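Engineer: prediction below, plus the sequence it came from.
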Amino acid sequence: MVDRDDLPVPRQGLVVTHFLTVRDAAVSREFYADIFDGQVVLAENPTIVRVANSWIIMNPGGGPTPDKPDITLTPPELGDPVSAFLNIRVADIAAFYADAQAKGAQFLTEPLDRKAELRCYLRDPDGYLIEVGQATGLLHGILANPPAGSS
């Protein structure tokens, strides 16, 4: 029996979770449990991993269902444009980066200073982009530079 407090089931109000369509639930489950010290709440159907104060729900893709007609769920393909990603905040990015690398995580770059924060990115086994950041300048009112080309 699963403890209700381990599940994303609010006693009142709401809870926000993140759903990922994955190729292999076991591989993704182990990635999030290992790299982010997550707690596996359900192994499958769906896979649920509690990460800090949030949950990541994972299931293989599939075609339309009565409650989502005309919707097909698929994991990203290499080279797909990115329109959404996980945003993880940590207290000590250097420690997280070293620990995650030791566990096999492959980052796009090392943590970079973006004025408001230190941040870096990695991909999960299905190619989902994950930002990992630590607030630095933001704590002192220093904001990041606006994206190139914005006014």
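Structural biologist: Received the coordinates, thanks. Numbering: from 1, shown residues only.
Engineer: what's the burial count for Phe36?
Structural biologist: Neighbour count for Phe36, taken as other Cβ atoms under 10 Å: 24. Bear in mind the C-beta positions are built from the backbone N, C-alpha and C, glycine included.
Engineer: hang on, isn't it packed against Asn53?
Structural biologist: No - Phe36 is beyond contact range of Asn53, at 11.9 Å (criterion: Cβ atoms under 8 Å).
Engineer: next one, pLDDT for the spatially most central residue of the chain please.
Structural biologist: With distances taken as Cα atoms, centre = their mean, the residue of the chain nearest its centroid is Leu86 (3.7 Å). In this prediction, Leu86 carries a pLDDT score of 95.
Engineer: how near is it to Ala135?
Structural biologist: 17 Å (Cβ to Cβ, to the nearest Å).
Engineer: same check on Leu143?
Structural biologist: Computed as Cβ to Cβ, the Leu143 to Ala135 distance reads 11 Å.
Engineer: who has more neighbours out of these two?
Structural biologist: Between Leu143 and Ala135, counting by other Cβ under 10 Å, Ala135 is the more crowded of the two (15 against 11).
Engineer: quick one: the strands in this protein?
Structural biologist: Using DSSP state E, the strands found in the chain span residues 18-22, 39-42, 47-51, 54-60, 86-89, 112-113, 117-123, 129-135.
Engineer: any chance of these in JSON lines, plus distance to Gln101?
Structural biologist: Supplementary listing: the strands of the chain in JSON lines, determined by distance: least, Cβ to Cβ, whole Å:
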{"stretch": "strand 18-22", "distance to Gln101": "22"}
{"stretch": "strand 39-42", "distance to Gln101": "22"}
{"stretch": "strand 47-51", "distance to Gln101": "18"}
{"stretch": "strand 54-60", "distance to Gln101": "21"}
{"stretch": "strand 86-89", "distance to Gln101": "15"}
{"stretch": "strand 112-113", "distance to Gln101": "15"}
{"stretch": "strand 117-123", "distance to Gln101": "9"}
{"stretch": "strand 129-135", "distance to Gln101": "11"}
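Engineer: cool, thanks, talk later.
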